[in-house]
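Trainee: next comes the sequence, and after it the predicted model I'd like to discuss.
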Amino acid sequence: MERVIGIDLGTTNSCVAVIENGEPVVLRNSEGGRTTPSVVAFGSDGDRYVGEVAKRQALTNPRNTVTSIKRFMGRKYDEVRREAELVPFAVRADLLGRAIVELDGREVAPQEISAMILQKMKQTAEDALGCDVARAVITVPAYFNDAQRQATKDAGRIAGLQVLRILNEPTAAALAYGLGRRRDARIAVYDLGGGTFDVSLLQIGEGVFEVLATSGDSHLGGDDFDERVIQWLIGEFHRLQGIDLREDRMAVQRLKEAAEKAKCDLSFSQSALITIPFITVARDGPVHLNMSLSQARLEQLVDDLIERTRLPCEEALAAAGLAPKDIDEVILVGGQTRMPAVQRLVNRIFGVPIHRGVNPDEVVAIGAAIQGGVLAGEVDRLVLVDVIPHSLGVETEGGLCTCLIERNTTIPAQKSEIFTTARDGQDRVEIRVLQGERPLASDNKLIGHFQLTGIRPAPRGVPQVEVTFDLDANGILNVSAKDLSTGKEQAIRIEYASGLSEEELTRMEDEADRFAREARTRKARLEARNEAERVAFDARKVLGASENSLSPAYRESLLRGVGRIEAALASGDLLEIREATEELRSLREQIGG
């Protein structure tokens with residue numbers, strides 16, 4: 001049976017899990033970690049590094065180290081201008097207005113960088129399972145819009161994965177929480193991650209997981225908390241030393257690491273000492289940073305950010321027709337929920353116990369693996385009913401937004417509506433697809449547009465064009481149109497202003513495949529060299545320790561074998577290294593080694 005893995009593609013960290021013997025298991029990466037930093041670095045030698053290795057070089061190579069790329073997925077530059085100003089790498093608009101990362105003069109789409117993280121997750125699974133993996137369930141914030149979901153799916157395709165399902169992160173957490181539970185319950189999933197905030201309310205019981213409502217804020221996450229600490233550090237340092245660190249990119253990167261660590265420490269202690277030696281150089285020599293940040297001061301710095309999570313919770317309760325007393329339990333997801341002030345706010349909002357039986361960093365990947373197990377036939381007796389987070393509609397005459405599918409509608413969903421022309425003799429119509437809750441089209445997000453041509457010219461109001469919105473189980477929208485006067489039907493693909501063309505996707509797939517092959521070759525070469533050096537070292541030990549007990553013929557053979565390995569290592573020929581290693585290993589076995 002072909003395996004299906006579950007991937008939590010996180011803003012700060014990513015995680016991969018799979019079903020083993022009917023139970024979800026988190027897989028360790030090559031560094032031994034259960035989670036992998038969502039960091040990609042580009043070296044001067046053209047190599048790409050992902051995860052902990054990439055994170056370690058962020059200080060010395062900040063311009064070519066990409067973090068929090070999830071915030072830029074499927075979005076225009078104008079939408080992420082604020083986030084772009086906070087990162088050390090260059091983010092700008094391309095000719096189509098899309099947010100693009102510039103590294104050493106080369107443009108790299110956010111989807112391509114996310115694909116590198118997904119490739120790392122794919123490789124982690126293949127190393128752990130001992131087989132190729134090509135199918136996956138990938139999670140996204142519940143409040144991701146259509147373009148962001150499609151961008152995530154594109155990233156999976158570039159990484160060589162068939163994305164069977166795009167799953168909302170709070171829903172995934174609920175699956176992990178509710179697997180095997182018998183009693184009915186209404187739960188709230190409060191998900192405050194590195195880049196986004198979501199809250200979902202679910203009814204679970206007897207293997208049925210029904211999402212009742214969802215809400216959130218796609219511009220709020222742990223990165224914003226870090227930024228408040230960084231700005232406080234910069235301000236305090238300027239007050240004490242008279243030095244402004246904002247223009248020193250390496251200093252800012254060191255502040256970012258220190259701020260993140262202090263924030264994590266303050267989830268468990270009352271104060272944190274922040275020490276950064278040689279943060280900068282002044283006229284009198286090196287200057288060090290030594291400050292203490294208390295838990296109370298941190299809470300003051302981020303109080304408004306925490307409070308911003310209240311309104312989405314209230315909106316979700318109202319949409320579901322529930323009161324806080326109707327919720328049985330709250331699940332916390334995302335590392336930022338470890339902050340005591342966040343937990344106190346959750347208690348004030350819902351007034352019910354917080355479930356502490358799940359790991360906030362791993363629960364989403366576990367839920368994704370469970371959904372993968374359902375799709376692969378490894379998990380049965382489980383039904384998932386999810387909803388869309390935003391209303392979908394079209395712009396109509398007068399600049400109004402006509403809603404076809406309302407927010408919190410169960411997916412998959414399909415809705416058709418008849419539209420007509422606004423002018424006499426009109427032979428085409430432009431349909432602008434919108435996402436949002438406002439009555440005016442200009443106040444909502446334009447997620448795509450298309451033209452239906454070939455309409456038979458007639459007086460305004462006579463032609464009838466049936467537009468169908470088809471929302472799949474991933475929450476991704478497909479649109480079709482039919483001219484009822486002629487019976488001519490046409491399938492329409494929305495062209496996302498922030499999306500990738502088929503040509504771009506194919507090119508990125510080819511590049512990703514090439515780099516994957518090169519990475520496998522480098523790994524094989526490194527493994528072969530290490531094994532050759534081990535075998536040669538072992539042979540030298542035998543030669544030194546058993547000098548008098550070896551026959552001259554055996555001794556000569558060992559020396560010749562060691563010499564061949566040394567020559568093969570110097571040449572770098574992979575086949576020769578392997579053959580020389582195998583020859584010397586066989587000689588060692590012959591002499592009883």
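Mentor: Here it is on my side, so go on. These numbers come from a predicted model, not from an experiment.
Trainee: mean confidence for the helix or strand hosting Leu293?
Mentor: Using DSSP states H and E, Leu293 falls within strand 285-294. The average pLDDT for strand 285-294 rounds to 92.
Trainee: what about Leu175, how many neighbours?
Mentor: Burial measure for Leu175: 28 neighbouring residues, criterion other CB atoms under 10 Å. In short, each C-beta sits where N, CA and C put it, glycine included.
Trainee: how about the nearest residue to it, chain neighbours excluded?
Mentor: Nearest residue to Leu175, sequence neighbours excluded (CB to CB, 6 or more residues apart in numbering): Gly367, at 3.8 Å.
Trainee: now Gln148: how far from Leu505?
Mentor: The gap separating Gln148 from Leu505 is 16 Å, by CB to CB, to the nearest Å.
Trainee: swap in Ser416?
Mentor: For Ser416, the distance to Leu505 - CB to CB - is 29 Å.
Trainee: cool, Thr409 as well?
Mentor: 29 Å.
Trainee: name the residue in these two with the higher neighbour count.
Mentor: Each of Thr409 and Leu505 has its neighbours counted (other CB under 10 Å); Leu505 has more, 18 against 15.
Trainee: surely that one is in a helix?
Mentor: Yes - assessed by DSSP: H, G, I helix; E, B strand; the rest coil, Leu505 belongs to a helix.
Trainee: spell out the residue ranges of the strands in the stretch 101-250 of the chain.
Mentor: Secondary structure of the stretch 101-250 of the chain (DSSP state E, counting those that start in this stretch): strands at 106-108, 135-140, 162-168, 185-192, 197-205, 208-217.
Trainee: can the ones you listed go into JSON lines with extra columns for mean pLDDT, distance to Ile405 and mean neighbour count?
Mentor: JSON lines is the format used below for the strands of the stretch 101-250 of the chain (pLDDT from 0 to 100; distance: least, CB to CB, whole Å; neighbours: other CB atoms under 10 Å):
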{"stretch": "strand 106-108", "mean pLDDT": "87", "distance to Ile405": "34", "mean neighbour count": "13"}
{"stretch": "strand 135-140", "mean pLDDT": "96", "distance to Ile405": "18", "mean neighbour count": "26"}
{"stretch": "strand 162-168", "mean pLDDT": "93", "distance to Ile405": "16", "mean neighbour count": "22"}
{"stretch": "strand 185-192", "mean pLDDT": "93", "distance to Ile405": "23", "mean neighbour count": "26"}
{"stretch": "strand 197-205", "mean pLDDT": "91", "distance to Ile405": "18", "mean neighbour count": "26"}
{"stretch": "strand 208-217", "mean pLDDT": "90", "distance to Ile405": "14", "mean neighbour count": "22"}
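Trainee: make JSON lines out of the ones you listed and add distance to Glu566.
Mentor: Formatted as JSON lines, the strands of the stretch 101-250 of the chain follow (distance: least, CB to CB, whole Å):
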{"stretch": "strand 106-108", "distance to Glu566": "39"}
{"stretch": "strand 135-140", "distance to Glu566": "44"}
{"stretch": "strand 162-168", "distance to Glu566": "45"}
{"stretch": "strand 185-192", "distance to Glu566": "56"}
{"stretch": "strand 197-205", "distance to Glu566": "58"}
{"stretch": "strand 208-217", "distance to Glu566": "60"}
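Trainee: what's the closest of the ones you listed to Asn64?
Mentor: In terms of CB to CB, the element of the strands of the stretch 101-250 of the chain nearest to Asn64 is strand 106-108, at 10.2 Å.
Trainee: so where's the chain shaky on pLDDT?
Mentor: Within the chain, the stretches with pLDDT under 70 are 1, 45, 180, 182, 490-498, 546-548, 591-593.
Trainee: now the helices: where do they sit in it?
Mentor: All helices of the chain, identified by DSSP state H, fall at 52-56, 81-84, 110-129, 146-158, 169-178, 222-241, 249-265, 295-307, 310-320, 340-350, 363-376, 502-545, 552-571, 574-590.
Trainee: what residues sit buried inside the second one?
Mentor: For helix 81-84, burial by neighbour count (16 or more other CB atoms under 10 Å) applies to Glu83, Ala84.
Trainee: grab the CA positions of that helix and hand them over as PDB.
Mentor: Provided in PDB are the C-alpha atoms of helix 81-84 (Å, rounded to 0.1, in the frame of the first residue of the first chain):
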ATOM      1  CA  ARG A  81       4.500  45.200   2.300                       C
ATOM      2  CA  ARG A  82       4.500  45.400   6.100                       C
ATOM      3  CA  GLU A  83       5.900  41.900   6.600                       C
ATOM      4  CA  ALA A  84       8.500  42.500   3.800                       C
END
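Trainee: can you list the strands that the strand ranked longest in the chain pairs with?
Mentor: Secondary structure of the chain per DSSP state E: the longest strand is strand 271-282. The partner list of strand 271-282 in its sheet, established with DSSP bridges, is strand 285-294 (antiparallel).
Trainee: off-centre distance for the strand it pairs with?
Mentor: In this view, strand 285-294 has its centroid 34 Å away from the chain centroid, taken as CA atoms, centre = their mean, to the nearest Å.
Trainee: any buried residues in that strand, and which?
Mentor: Going by 16+ other CB under 10 Å, strand 285-294 has these buried residues: Val287, Leu289, Met291, Leu293.
Trainee: quick one, what contacts the second one?
Mentor: Spelled out, that is Leu289. Leu233, Phe237, Ala258, Ile274, Thr275, Ile276, Pro277, Ile279 (CB atoms under 8 Å, 6 or more residues apart in numbering).
Trainee: Leu384: neighbouring residues, count only.
Mentor: Count around Leu384 with other CB under 10 Å applied: 23.
Trainee: could you find the closest non-adjacent residue to it?
Mentor: Nearest to Leu384 is Phe209, by CB to CB, 6+ apart, at 4.9 Å.
Trainee: assess the claim that Gly425 and Arg456 are in contact.
Mentor: No - between Gly425 and Arg456 there is no contact under CB atoms under 8 Å: 10.0 Å.
Trainee: list the contacts for the residue nearest to Ser269 when sequence neighbours are not counted?
Mentor: Leaving aside its chain neighbours, Ser269 sits nearest to Gln295 (7.3 Å; criterion: CB to CB, 6+ apart). Contact partners of Gln295, counting by CB under 8 Å, 6+ apart, are Leu266, Ser269, Gln270, Ser271, Pro340.
Trainee: again, only using 7 Å
Mentor: Residues near Gln295 by CB atoms under 7 Å, 6 or more residues apart in numbering: Leu266, Gln270, Ser271.
Trainee: kindly report the same for Asp217.
Mentor: Asp217 neighbours (CB under 7 Å, 6+ apart): Tyr143, Phe197, Arg308, Pro312.
Trainee: the closest residue to Val383 other than its chain neighbours pairs with what?
Mentor: Counting by CB to CB, 6+ apart, Val208 is the residue found nearest to Val383 once chain neighbours are left out, at 4.8 Å. Beta-bridge pairing for Val208 (DSSP bridges): Gly205, Val383.
Trainee: how far away is Val208 from Ile327?
Mentor: From Val208 across to Ile327, the span is 18 Å (CB to CB).
Trainee: for Glu102, same thing?
Mentor: Distance from Glu102 to Ile327, by CB to CB: 46 Å.
Trainee: and for Ile354?
Mentor: 11 Å.
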